[in-house]
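Colleague: no sequence on this one, just coordinates:
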């Protein structure tokens, strides 16, 4: 790997240089410069969350208020009740609106790339999925929420990534780097990714924008963005629309069959249309989200899109019968068509819908005690489309073209907050009409000792089989997971915060994909134990001239993994510490320099250690070398005219060659690694009025 000296010099200058920050008006109506320290300390979490980045820097430096309390506003992803990140019973990563805008990222995948322990692997048919702490989390092991609506589709439980879920619409991301089944159910076995999109309070007007990007071979992406929203008394309204079309990579790609595809001539094409409508009034809020996303997979004689359509809708109403009790009934509906594909060799047109009704409650009992809980029911209905019925004629396992699964669930969590710390205990119970019952308990303790904070979490989790898992094997059972986590954090100063997290994950009866060569059919089975253990470290810095973050993640599978489907074998010898397609070491460094209140420079370095798997052949596993991804982004606010935002971003500026290895499977049934994106130049313009 050769590093171009000029590029490295620019990155280091961008990351570590100092610049003067001119003060800018706050996003809220509060003039923090006129407040005294006691008045700032009395601000509510909502008021702090609305302050501008520059105001946060100002009060942090002037009054010595810790940045972890100011920058990281309260989170609810691991509690469903707001706590600060140092207190909440979960290992949490937060990506703020300011970080999103300065990063130059265009989609959710590029934002998640900066979170410790998260990586990506290749599934099938052009789909890239998520890896969490070394474990393949793509098929229903990581829950994706968009505005608290479940995005995982119901047939295979996947969420395809890369150029999917537009960054322009995202206001904030909260990530649990650990199990969330006790609160969220069977898709939250290894983690929860909660995406919060912009609302009327964020927008307070209208935005229009466009973007373009280029690889060496020509245009790689074009896009358009529209958003409008505002506050009308106690009502909040927003409408977001984003469209993107382009290529995911370029160059030529040769698969294990020896077939070569010209990726810049259509074989890596992708397109997304994303619409988002939100309305809230007092305790009522509603969402309607639509996404039509397609990719063109290799491996076929014809260039046919593989489509994923999502329509999600939710209404809920929070009311307080007493001052200390909040009750929230909600109704959620989604309909999805995943892997919608039609070619000469393969035809898949199946639809799945879900209706989910629930009631949640938070009871502030007094004396530091809190009780939260919920109860609900879910119905999943899968249908084989008329076209597939006529073309293929294959039925579900019930010998029909339609089937229904029903689930009832309840969860509860009690907590106590006092001088000796915060104690949490809870569990979730789910009963599925086909696969039976699951119970996921968890216990936690957190404590903030001035500069030092401590967390210990013990969790059970599960992954419910999806409709197609059951359709392929009626005897399939849920996989069950036990996780221990320990986090130690320390605020070195008002500007520097560091933490280290230790984890141990044991997955019992993991659901794995396999293939029967005698009958030439694919199926799923419960295999031997899987899992990892490891460490994650983070250091965050915020000064009045620059901010930065450093993270390191490491896993080993030596003690916990016992399934060959994920294992690495080189020359017949097992490398027990490693899992297919998952680098054992990931380093990430990101820094933003504030030249003044209008100009920002953000640089990013991501190093991934060597990976192993089926790289050049589906018969023998091999090593894929370590690689370094480097990005640099220049952002200008109020460029030329007021409210015009301009971003210029250079991605993979070292033009590293890398690919996503398939993290599962055995010899003679693997897909070739999917090539990553080369050097890319991007321009984005956004005008607000």
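Modeller: Done, it's in. Note that the structure is a prediction, hence the values are computed from the model and not measured. Numbering: from 1, shown residues only.

Colleague: can you tell me the average pLDDT over stretch 210-220?
Modeller: Taken as a whole, stretch 210-220 has an average pLDDT of 91.

Colleague: Just the terminal-to-terminal distance for that stretch.
Modeller: 14 Å (CA to CA, to the nearest Å).

Colleague: Ok, stretch 666-676 next?
Modeller: Chord length of stretch 666-676, first to last residue, is 23 Å (CA to CA).

Colleague: Show me what counts as buried in that stretch.
Modeller: By neighbour count on 16 or more other CB atoms under 10 Å, the buried set for stretch 666-676 is 666, 670-676. C-beta coordinates here come from the backbone N, C-alpha and C atoms, glycine included.

Colleague: chain center to it: distance?
Modeller: In this view, stretch 666-676 has its centroid 24 Å away from the chain centroid, taken as CA atoms, centre = their mean, to the nearest Å.

Colleague: likewise stretch 257-272?
Modeller: The answer for stretch 257-272 is 26 Å, by CA atoms, centre = their mean.

Colleague: Quick check: pLDDT value at residue 669.
Modeller: Confidence score, pLDDT, at residue 669: 85.

Colleague: what's around residue 510, how many residues?
Modeller: 26 (other CB atoms under 10 Å).

Colleague: just to revisit the earlier point, output the buried residues of stretch 666-676 as JSON lines; include the columns distance to residue 96 and secondary structure.
Modeller: Output for those, formatted as JSON lines (distance: CB to CB, whole Å; DSSP: H, G, I helix; E, B strand; the rest coil):
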{"residue": "666", "distance to residue 96": "42", "secondary structure": "coil"}
{"residue": "670", "distance to residue 96": "39", "secondary structure": "coil"}
{"residue": "671", "distance to residue 96": "36", "secondary structure": "coil"}
{"residue": "672", "distance to residue 96": "38", "secondary structure": "coil"}
{"residue": "673", "distance to residue 96": "33", "secondary structure": "coil"}
{"residue": "674", "distance to residue 96": "30", "secondary structure": "strand"}
{"residue": "675", "distance to residue 96": "32", "secondary structure": "strand"}
{"residue": "676", "distance to residue 96": "26", "secondary structure": "coil"}
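
Colleague: just the residues you listed now: which is nearest residue 505?
Modeller: Distance to residue 505 across those (CB to CB) is lowest for residue 666, with 22.7 Å.

Colleague: Quick check: the closest one touching residue 565?
Modeller: Yes - here residue 666 reaches residue 565: they are 6.6 Å apart, a contact under CB atoms under 8 Å.

Colleague: Give the intersection of the neighbour lists for those two.
Modeller: Common neighbours of residue 666 and residue 565, counting by CB atoms under 8 Å, 6 or more residues apart in numbering, are residue 514.

Colleague: returning to what we had before: what's the lowest-pLDDT member of the buried residues of stretch 666-676?
Modeller: Scoring the buried residues of stretch 666-676 by pLDDT puts residue 666 last, at 86.

Colleague: and it, what is it in contact with?
Modeller: Residue 666 touches 514-515, 564-565, counting by CB under 8 Å, 6+ apart.

Colleague: redo that, cut-off 7 Å
Modeller: 564-565 (CB atoms under 7 Å, 6 or more residues apart in numbering).

Colleague: now do residue 563
Modeller: Residue 563 touches 510, 512, 527-530, counting by CB under 7 Å, 6+ apart.

Colleague: The same query, at a cut-off of 6 Å, please.
Modeller: Residues touching residue 563, when contacts are defined by CB atoms under 6 Å, 6 or more residues apart in numbering, comprise 527-528, 530.

Colleague: What's the per-residue pLDDT of residue 280 here?
Modeller: At residue 280, the model reports a pLDDT of 96.

Colleague: Stretch 574-583: end-to-end distance?
Modeller: One end of stretch 574-583 to the other measures 16 Å (CA to CA).

Colleague: Could you shift the numbering so residue one becomes 55, and keep it that way?
Modeller: OK, 55 is where the count begins now, so the last one is stretch 628-637.

Colleague: How far away from the center of its chain is that stretch?
Modeller: Worked out by CA atoms, centre = their mean, stretch 628-637 lies 23 Å from the chain centre.

Colleague: which of the residues in it are buried?
Modeller: 629, 631-637.

Colleague: same question, stretch 348-366
Modeller: 348-354, 358-366.

Colleague: what about residue 314, distance to residue 726?
Modeller: Between residue 314 and residue 726 the distance, using CB to CB, to the nearest Å, works out to 11 Å.
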